[in-house]
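Trainee: I would like the atomic coordinates for the input below:
(2 chains)
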Amino acid sequence: MALRKYIFSVDHKIVGMQYLCTGLVMAFVGGYLAYVFRHQLAWPNEPVPLFGMVGPDQYNASVTMHGTIMVFWVAMPILLSGFGNYLLPLMIGAPDMAFPRLNMMSFWTFFLSTLLLMSSFLVPGGAASGGWTSYPPLAASPGLSGVEWGGHLWILAVALEFASMLMGGINFLTTTLTMRAPGMTLFRMPILVWMLNIASLVFMFSVGPLIAGAFMLLADRLFQTGFFLPQSGGDPLLFQHLFWFFGHPEVYVLLFPALGIIAEVMTVFARKPFFGYRPLIYASLIASVLSFLVWAHHQFISGMDPRLAAPFSITTIIISVPFAVAIFSYIATLWGGSIELKTPMIFALGMLAEFLVGGVTGIFNGSAAADIYLHDTYFVVAHFHYTLFPVTFLAGFAGIYFWYPKWFGRLMNETWGKIHAVLTIISFNVTFLPLFAIGLVGHQRRIFDPSLFDYLQPFQHLHVISTWGFIILFLSQIIFVVNFIASLCYGPIATRNPWSAATLEWLAPSPPGHGNFEEPPVVHRGPYDYSLPGLTGKDWKNQTEAV
Amino acid sequence: MMLHWLPINISTYGHKIDHVILVIYLIVGIWFLLAEGILGYFIIRYHRSKGQPAIFQPGTSLRSLMWVLIPAALVLAFDIGIEVVQGPIWEEIKMNLPEKPDQTIRIRGRQFVWEITHPGPDGRLDTADDIKTFNQLTIPVHQKIVFELQAEDVIHSLWIPNLRLKQDAVPGRTIRGWFETMQTGTYPIACAELCGSGHGTMQGQLHVMDFADYQKWLAEQTPSGEGATSGTP
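Mentor: The predicted model follows:
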């Protein structure tokens, strides 16, 4: 019954692993697309090895699908569904999710959406090419974009993917509220559990308008209903409002689990309790509410009433405060610690250091006046890659190296892990730092051949540097893949708790069997009791140890 | 330095945008260096090889939390400072259009050209002496120009880096904006919003002339009358 056990499984661990692996495979698809258009940008009009000549339509399709895949088919399934499904029940001491069958259905809905999305590369006219934001009228009118079926499939795939994430969100919230081990009060839950729940809430509250918008867009495409088409009385800007009402909270849907992952990693490898656990949770809750009030800062120059800039600038400013609290708490957690730079810790600290770049550069775009110049230039591209890359990949890798021994009962190779971490972080910066400069020059986004613009030609070398950075970044991931696969068979055998961590998942066998724990755990203390005064021998207390 | 990447500014308000960028750069630059510096210092100072055990510091007392809350309050103060600087500049550029512009032009984006209607010698749009061109925008220097921005088919975005001017053109709407130039010359115009397969080819030129040259240019043009256009697409 291997099929039942590993393929059509209702076990949260298998479902989590299915999400994680699908996300990792899709990361290579998204990365390959990035390689295609980065090569084209650096050396326009030269054939791209392993692809061929890139025309404007292929260019538009590859940037569109790169963005779509990386946000919805990589970041979401890895951070929220992968880590969430595997770890959430273990970390609260539950034997499984509240609705295991719904959980399985969630994955297979997601898998179907993945197949739909990938099939759009094969249909006549090619994949969607209207940008990952799919602004109408371009995305609502096959006649204007030249993409017929690719656009329909894009909308269907995205809507199905959201349905699957909704099922996951229902499961996360219900499981957390009803299945915590005795003694596991809300404020004894690990930060990652909090963050997964906050992310699920934010997703579930924000996604409705976008699903509505997606179906209106599909109706415009199929039946010329004109929701977003002015010649039929519709309004193109309405879609932008629906999209960004979801789109900005979505950034936090990805950020919160990443912050959760690095909180677990940093406390363990600094041997410190988290500095200000409750303030971090409150700050995250406040930020999640505020995230619904900032969306129009993506639309300062969209043609919406310019008076709206002031209120959305102000909410954008206010939301920086809870995130400042969060970032300072993470830094303060290191204060007075005993820091060990194992691979997960290097990735976690890398996430923090690089995310800071993304955070501070966002202030330029959040200021309406500066955004007049910077909007839709490569400055924005650099900014959001400095937020989403650390969140998705640096935090993602931190989590994978950290929980790998729990998942597979073996440790990944530490030396190759460190090489992978250092190469990834350096080549990421080589890829994206030049894009800030090229954006300040005035380089607008999404043009397939910068050499057509005289004013961009003197800066072509920056594209070349960026592309070389990306090629190294992409190739460095081979190290990870080999390490990941080889360690399944050859990695050192892991004990239950190889990192001396205090949370519940480390009590279970590695890997945990069906039902997770041999005996149901009873919780007596918070999740980060490291370096308690008066301890002898080991320097931590598991959550189940009596006070 | 960040600002030296910016192209030369030729509009009367462009330096104010540059100023906002500089103010933000200085403020966040200091915070950024401070945060990264402390992070790096902690990693070295509290590395395990130093051999000191970790302290138990959960940050539960209000006193220790001040290490987080006071910097966060300072962040808010600096944020408000940035808003005070940038808010009026946004209003000046995007909200307070000149009441008596020297001329009004119409710019209409369509896949994949900018159709530009100059008012012609009578200075008024929608008259028989209007001059229509593709992608070539000609204006006299030191004049307050109001533009009416429209789009035919999909969203475009009028992007003139040297003016620090960007504004989306949305089908079904006429969006008004303004600028005033300080210096003659020819400068690039592009489209900053993905508008289809020819998005990356959509470009034009802004010709800023002194008044005498502008008059000469006007005299050389053939008025379009109704529906006709001159210039090459």
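Trainee: and the residue nearest to B:Gly87 when sequence neighbours are not counted, how many neighbours does it have?
Mentor: Residue nearest to B:Gly87 in three dimensions, not counting chain neighbours: A:Ala310, with 6.2 Å by CB to CB, 6 or more residues apart in numbering or on different chains. Placement of C-beta: from N, CA and C, glycine included. The local packing of A:Ala310 (other CB atoms under 10 Å in any protein chain shown) involves 15 other residues.
Trainee: Let me know the secondary structure of A:Ala310.
Mentor: Put simply, A:Ala310 is helix when judged by DSSP: H, G, I helix; E, B strand; the rest coil.
Trainee: and what of the one 3 residues further on?
Mentor: Assigned state for A:Ser313: helix (three-state reduction, three-state DSSP).
Trainee: Can you name the residues that contact it?
Mentor: A:His297, A:Gly366, A:Ser367, A:Ala368, B:Glu83, B:Gln86, B:Gly87, B:Trp90 (CB atoms under 8 Å, 6 or more residues apart in numbering or on different chains).
Trainee: what's the spacing between it and A:Ile363?
Mentor: Per CB to CB, to the nearest Å, A:Ser313 is found 11 Å from A:Ile363.
Trainee: same check, this time on B:Leu34
Mentor: 15 Å.
Trainee: With neighbour numbers in mind, choose between these two.
Mentor: A:Ile363 (22 against 11).
Trainee: What's opposite B:Lys132 in the beta bridge?
Mentor: Legend: beta-bridge partners of B:Lys132 under DSSP bridges are B:Thr117.
Trainee: And for it, the neighbour number?
Mentor: 21.
Trainee: For chain B, give the residue positioned nearest to chain A.
Mentor: Residue of chain B nearest chain A, by CB to the nearest CB: B:Gly172 (2.5 Å).
Trainee: That residue against A:Ser232, yeah?
Mentor: No. B:Gly172 is not in contact with A:Ser232 according to CB atoms under 8 Å; the separation is 9.8 Å.
Trainee: could I have stretch B:218-226 exported to PDB, CA atoms only?
Mentor: In PDB, the C-alpha atoms belonging to stretch B:218-226 read as follows (Å, rounded to 0.1, in the frame of the first residue of the first chain):
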ATOM      1  CA  LEU B 218       5.400  75.600 -35.600                       C
ATOM      2  CA  ALA B 219       5.700  77.300 -38.900                       C
ATOM      3  CA  GLU B 220       7.100  74.200 -40.600                       C
ATOM      4  CA  GLN B 221       4.300  71.900 -39.400                       C
ATOM      5  CA  THR B 222       1.200  71.100 -41.500                       C
ATOM      6  CA  PRO B 223      -1.900  71.300 -39.300                       C
ATOM      7  CA  SER B 224      -3.600  68.000 -39.200                       C
ATOM      8  CA  GLY B 225      -7.100  69.200 -39.600                       C
ATOM      9  CA  GLU B 226      -9.500  66.500 -38.500                       C
END
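Trainee: Going along the chain, name the helices of chain B.
Mentor: For chain B, the helices defined by DSSP state H occupy B:14-45, B:62-90, B:211-220.
Trainee: Take the ones you listed and write them to JSON lines, including mean pLDDT.
Mentor: Shown next, in JSON lines, are the helices of chain B (pLDDT from 0 to 100):
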{"stretch": "helix B:14-45", "mean pLDDT": "96"}
{"stretch": "helix B:62-90", "mean pLDDT": "94"}
{"stretch": "helix B:211-220", "mean pLDDT": "95"}
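Trainee: can I get those in TSV with distance to A:Met97?
Mentor: As requested, the helices of chain B are exported to TSV (distance: least, CB to CB, whole Å):
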stretch	distance to A:Met97
helix B:14-45	36
helix B:62-90	34
helix B:211-220	72
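Trainee: Please name whichever of those is nearest to A:Leu237.
Mentor: Closest approach to A:Leu237 among the helices of chain B (CB to CB): helix B:62-90, 18.5 Å.
Trainee: Could you pull out the buried residues of that closest one?
Mentor: Applying a neighbour-count criterion of 16 or more other CB atoms under 10 Å in any protein chain shown, the buried positions in helix B:62-90 are B:65, B:67-69, B:71-72, B:75, B:78-79, B:82-83, B:85-87, B:89-90.
Trainee: do the same with stretch A:143-151
Mentor: Quick answer for stretch A:143-151 (16+ other CB under 10 Å): A:Leu144, A:Ser145, A:Val147, A:Trp149, A:Gly150, A:Gly151.
Trainee: Go ahead and name everything in contact with that stretch.
Mentor: Residues contacting stretch A:143-151 (CB under 8 Å, 6+ apart): A:57, A:61, A:120-121, A:123-130, A:134, A:137-139, A:142, A:221, B:111, B:153-154, B:196-197.
Trainee: same thing but at 10 Å, please
Mentor: By CB atoms under 10 Å, 6 or more residues apart in numbering or on different chains, the surrounding residues in contact with stretch A:143-151 are A:57, A:60-61, A:64-65, A:117, A:119-130, A:134, A:136-142, A:153-154, A:217-218, A:221-222, B:111, B:153-154, B:194-197.
Trainee: Spit out the contact partners of the residue nearest to B:Gly87.
Mentor: Contact analysis of A:Ala310 by CB under 10 Å, 6+ apart lists A:Ala368, B:Glu83, B:Gly87, B:Trp90, B:Glu91, B:Met95.
Trainee: between these, which is closest to B:Gly177?
Mentor: Among the contacts of A:Ala310, B:Met95 lies closest to B:Gly177 (CB to CB), at 9.9 Å.
Trainee: and the closest one, what pLDDT?
Mentor: The model reports B:Met95 with a pLDDT of 96.
Trainee: Now that it has come up, it's in contact with A:Ala369, right?
Mentor: No. B:Met95 is beyond contact range of A:Ala369, at 11.3 Å (criterion: CB atoms under 10 Å).
Trainee: And for the residue of chain B closest to chain A, the neighbour number?
Mentor: Neighbours of B:Gly172 under the rule other CB under 10 Å: 18.
Trainee: Could you break chain B into its assigned domains?
Mentor: B:8-95, B:103-220 (automatic domain parsing).
Trainee: Now A:Leu532: closest residue in space that isn't a chain neighbour?
Mentor: Nearest to A:Leu532 is B:Phe56, by CB to CB, 6+ apart, at 5.6 Å.
Trainee: Pull the contacting residues for the one you found.
Mentor: A:Arg271, A:Lys272, A:Pro273, A:Gly336, A:Asp529, A:Tyr530, A:Ser531, A:Leu532, A:Pro533, A:Gly534, A:Leu535, A:Asp539.
Trainee: TSV for these, including secondary structure and neighbour count?
Mentor: Converted to TSV, these look like this (DSSP: H, G, I helix; E, B strand; the rest coil; neighbours: other CB atoms under 10 Å in any protein chain shown):
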residue	secondary structure	neighbour count
A:Arg271	coil	23
A:Lys272	coil	27
A:Pro273	coil	26
A:Gly336	coil	20
A:Asp529	coil	21
A:Tyr530	strand	25
A:Ser531	coil	20
A:Leu532	coil	14
A:Pro533	coil	6
A:Gly534	coil	5
A:Leu535	coil	14
A:Asp539	coil	17
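Trainee: Closest one of those to A:Gln460?
Mentor: Taking CB to CB as the measure, A:Gln460 sits nearest to A:Lys272 out of the contacts of B:Phe56, at 47.4 Å.
Trainee: Which residue, other than its chain neighbours, is closest to the closest one?
Mentor: Nearest non-adjacent residue to A:Lys272 (CB to CB, 6+ apart): A:Gly337, at 4.4 Å.
Trainee: and if you look at A:Asn60?
Mentor: The shortest distance from A:Asn60 to any non-neighbouring residue, by CB to CB, 6+ apart, is to A:Ser129 (3.7 Å).
Trainee: Pull the contacting residues for the one you found.
Mentor: A:Ser129 touches A:56-65, A:138-139, A:145-147, A:150-151, A:154, A:446, B:194, B:196-197, B:199, counting by CB under 10 Å, 6+ apart.
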